[in-house]
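>>> next come a sequence and a model predicted from it.
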Amino acid sequence: MEDDERYTLIRFLLADRLSVNANELDLNSEIAIPSVMIEMLQADLQKLLSGMPLQYVTNITWFAGDAYYVDESVLIPRPETEELVYLIKEEVELDSDSNVLDICCGSGCIPIALAKHMNLKQVYGCDISLDALAVAKKNAETNSINLNLFWADVLEDGFENNSEIKFDLIVSNPPYITSVEGQSMTDSVLNFEPHLALFAPDDDPIRFYRKIALFAKQHLNPGGSLWFEVNKLYGVEVERLLRGLGFAETMAQEDMSGNLRFVSGFQPF
């Protein structure tokens, strides 16, 4: 970790723990640190210096304008996932009673943000990790969102039949990193973020997408849509998968960095 990076992380850590804006620390170097906080800050600093992401140290991350609780049982939401939420908001019309499901929901940031930004009365989320579901429940309560959660293993036989509800929109940011790609990832990701949520099978990197798309074919209402965040290496393949399954108006779109990152399709009427 470079010195500049250490300084930035420590600056934001102090701002969080002291409940002040980070800019205030720059303007006022004489802000007093209560003695009862010294030991906690020392422990926090050791975690930072070990490579633990700041969001896990403070248990706070920001997504689509709101604060979310995160710990090592869930991925730290990325800007690309935030883009996905805004893309859905721009391109899909839903009414307040629409049913929306996030498969592999992790921290719950996607369904909660969609509920807030699209004025939905309730949303749904599922995940294989019970710890992740607990985090999503906590975030839903903090953000006053009615999030209905259930456990599901996407790769399990029969997952396609794992709901009696019909949905108007299904979204997913499933595991999509291969082990080869993982070799170039930073230690802070590999050592602290949950591998269960990161890595796809090497022998079939789009297996999650295939299973989720089959589920969507059975559980989307006519005119409903399926939205994916994808590995940029497999965006074309996932879009082809949706077309092959009979989805209409399939599209692969780039993120702000120019990477093929989002794939969508609609259930025909």
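Looks like it came in fine.
>>> quick check: the gap between the closest residue to N191 other than its chain neighbours and L94.
Leaving aside its sequence neighbours, N191 sits nearest to G51 (C-beta to C-beta, 6 or more residues apart in numbering; 6.0 Å). C-beta coordinates here come from the backbone N, C-alpha and C atoms, glycine included. Here G51 is placed at a distance of 40 Å from L94 (C-beta to C-beta, to the nearest Å).
>>> now swap in F192 and tell me
For F192 relative to L94 (C-beta to C-beta), the value is 35 Å.
>>> re earlier: G51 and L94: which has the busier surroundings?
Neighbours were counted for G51 and for L94 using other C-beta atoms under 10 Å; L94 has more, 18 against 14.
>>> which residue packs closest to the more buried one, ignoring adjacent ones?
In this structure, L94 finds its nearest non-sequential neighbour in M118, 5.4 Å apart by C-beta to C-beta, 6+ apart.
>>> what is the helix or strand hosting D131 packed up against?
Using DSSP states H and E, D131 sits within helix 130-142. Using 3 or more C-beta pairs under 8 Å, 6 or more residues apart in numbering; DSSP states H and E as the contact test, the elements touching helix 130-142 are strand 66-69, helix 109-118, strand 123-127, strand 147-151.
>>> how about the ones you listed in a markdown table, adding distance to F208, mean pLDDT and mean neighbour count?
As requested, the helices and strands packed on helix 130-142 are exported to a markdown table (distance: least, C-beta to C-beta, whole Å; pLDDT from 0 to 100; neighbours: other C-beta atoms under 10 Å):
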| stretch | distance to F208 | mean pLDDT | mean neighbour count |
| --- | --- | --- | --- |
| strand 66-69 | 23 | 96 | 18 |
| helix 109-118 | 15 | 98 | 24 |
| strand 123-127 | 12 | 98 | 26 |
| strand 147-151 | 16 | 97 | 16 |
